[in-house]
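**Student:** could you look at this predicted model? Sequence included:
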Amino acid sequence: MESEFPPELARLPPGRHGLPREFVSHNQRERLIAGLAEAVAENGYAGTTIAHITRHAAVSRRTFYEHFNSKDECFIAAYDTVMVELRQRVDDAFGQQEEWPRAVQAGIGAMLEFFTAEPHLARLSMVEALVAGPVVVERYDAAIQSLVPYFQAGREGRSAAVLAGLSPTTEEALVGGMVSLISRRIFADRTDELESLLPDLVEFTLTPYLGSAEAAEIARES
Amino acid sequence: MTVADIVKRAAIARNTFYENFSSKEECFLAAQRFAMSTALDRVVKAAGDIDSWPLRVEAGLRAFLGYVAEEPALARTCMVEALTAGPASVEYYEESLQSFVSLFRLGRDVSPRGDDLPGTLEEAIIGGVFWIIYQRLVAGDIDDIEALLPGLVEFALTPYVGADAARNLAAGNGDAGDK
């Protein structure tokens, strides 16, 4: 998968370009979002000012306020953009596999690949989001919970014995455990370790459905 | 929350606050440490002397849920607010997770797959348990938090002892784990 910035976060070169005003305006918003991601990577959310954002985006302060009322609002827009992109990649990877265990493996792989290729966006969405105010924290929590159905799909067609071994909170616990492993490494600036987590995460999440022996086999062959 | 809010609730003078803490953050970190170490103490007290590891896990999780039920404000401090209270708090949160991880690692000794389990398993299990409790605390939905026990026990034990034995243990049939 490509590792460049998602298109929403790509930057238009500053200067005269003769593009239609509406396009420029839309693009300014994207530049501000990209600018915020860079500024937050440099200064953390708390230390980021609107001046940092406009400098990285190479737009005026006035332009900032044409698009956003505050730093918080700009952060929310950036957070949502990152999550839409991430969700798209996970969905694509998950949907391309016919077998559910392979789909889980591909989906987790896509998430790790995205965070590895975009450490700034990883930090923005998994670390800084938690200190960016209650609106973002609520969205962060909802984004994690929204991963539950990918695992719930694994219940389909399982034997009564397997289903009896699952509780109503199994998927929530799997998602929480997976995100905890990922976010701890992003917090510690160890995004280079993320992709090596794939076998462990696959084995961990498949075990309740397939048993540990089969889960380990799928996770460890490559 | 401001220092003024704290001194009002504590019914002490602002000066007294600053004799004890240099900032709101420092005071929060002290509260977080107190809350988390109380939780850990309860777990160790309830579970530390039990010989069978699966039963120890059950007792430890039971004690932890009991703590959350009895002390929701403290639990919120160390499991919810801590995450948004800045780097020092997150770092302490990470360290405390690690203490629980060490307790869990002992399960490898009793597991037939002990040497073959993924290196990050305990971290993932604790992360999952904390996430479930976090969700309930955020939603203010803790009245029947202790009802989560069987599901959590099963989730935590399955990778070590297999689903059948884990289910039996979760259902309160302690013999199954030692087979």
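**Tutor:** Noted; the coordinates are in hand.
**Student:** any part of the helix or strand of chain B with the lowest mean pLDDT near chain A?
**Tutor:** When the helices and strands of chain B are scored by mean pLDDT, DSSP states H and E, helix B:163-170 comes last with a mean of 82. Yes - Helix B:163-170 comes into contact with chain A (CB under 8 Å from any CB of the partner chain), by way of B:Ala163, B:Asp164, B:Ala166, B:Arg167, B:Ala170. In short, each C-beta sits where N, CA and C put it, glycine included.
**Student:** right, and the last one touches B:Val161 too?
**Tutor:** No - using CB atoms under 8 Å, B:Ala170 is not in contact with B:Val161, being 10.8 Å away.
**Student:** sketch out the low-pLDDT regions of the chain for me.
**Tutor:** If you meant another chain, say so; for now it's chain A. A:1-26, A:222 (pLDDT under 70).
**Student:** you answered for a different chain; I wanted chain B.
**Tutor:** Chain B contains residues with pLDDT under 70 at B:174-179.
**Student:** in three-state terms, label B:Ser22 for me.
**Tutor:** Secondary structure assignment for B:Ser22 (DSSP: H, G, I helix; E, B strand; the rest coil): coil.
**Student:** how far away is it from chain A?
**Tutor:** B:Ser22 is 18 Å from chain A, where distance means CB to the nearest CB, to the nearest Å.
**Student:** number of nearby residues for that residue?
**Tutor:** Per other CB atoms under 10 Å in any protein chain shown, the neighbour tally for B:Ser22 reads 10.
**Student:** next, it: phi, psi?
**Tutor:** The phi/psi pair for B:Ser22 (degrees, to the nearest 10) reads phi -90, psi -20.
**Student:** A:Leu210: how many residues sit nearby?
**Tutor:** The burial count assigned to A:Leu210 is 20, neighbours taken as other CB under 10 Å.
**Student:** next one: B:Arg14
**Tutor:** Per other CB under 10 Å, the neighbour tally for B:Arg14 reads 12.
**Student:** over to A:Ala122?
**Tutor:** 25.
**Student:** wait, it touches A:Ile186, no?
**Tutor:** Yes - counting by CB under 8 Å, A:Ala122 does reach A:Ile186; the two are 4.8 Å apart.
**Student:** what residues are shared contacts of the two?
**Tutor:** A:Phe115, A:Leu194 (CB atoms under 8 Å, 6 or more residues apart in numbering or on different chains).
**Student:** are any of the residues of helix B:163-170 next to chain A buried, and which?
**Tutor:** B:Ala163, B:Ala166, B:Arg167, B:Ala170 (16 or more other CB atoms under 10 Å in any protein chain shown).
**Student:** contact partners for the second one?
**Tutor:** Contact analysis of B:Ala166 by CB under 8 Å, 6+ apart lists A:Gly165, B:Pro54, B:Val153, B:Glu154, B:Ala156, B:Leu157, B:Thr158, B:Tyr160.
**Student:** what is the nearest of the residues you listed to A:Ala51?
**Tutor:** B:Ala156 (48.5 Å; CB to CB).
**Student:** list the buried residues in stretch B:25-43.
**Tutor:** B:Cys27, B:Phe28, B:Leu29, B:Ala31, B:Gln32, B:Arg33, B:Ala35, B:Met36, B:Ala39, B:Leu40, B:Arg42, B:Val43.
**Student:** try stretch A:65-78
**Tutor:** A:His67, A:Phe68, A:Lys71, A:Cys74, A:Phe75, A:Ile76, A:Ala77, A:Ala78.
**Student:** over to stretch B:144-163?
**Tutor:** B:145, B:148-163.
**Student:** ok, now stretch B:109-119?
**Tutor:** Quick answer for stretch B:109-119 (16+ other CB under 10 Å): B:Ser111, B:Leu117, B:Pro118.
**Student:** what kind of secondary structure is the first one in?
**Tutor:** Spelled out, that is B:Ser111. B:Ser111 ends up coil, using three-state DSSP.
**Student:** so what does it have for phi and psi?
**Tutor:** phi -90, psi 140.
**Student:** quick check: it touching B:Val161?
**Tutor:** Yes - under the criterion of CB under 8 Å, B:Ser111 makes contact with B:Val161 at 6.5 Å.
**Student:** which residues of the chain fall in helices?
**Tutor:** Just so you know, I chose chain A. A:21-47, A:50-57, A:61-67, A:71-95, A:100-117, A:119-126, A:134-145, A:148-152, A:160-164, A:170-187, A:198-210, A:212-220 (DSSP state H).
**Student:** chain B is the one I meant
**Tutor:** According to DSSP H, chain B carries its helices in the segments B:3-10, B:14-20, B:24-47, B:53-70, B:72-79, B:87-105, B:121-139, B:149-161, B:163-170.
**Student:** among the buried ones among the residues of helix B:163-170 next to chain A, which one sits closest to B:Ile6?
**Tutor:** For those, the residue nearest B:Ile6 by CB to CB is B:Ala170; the value is 41.3 Å.
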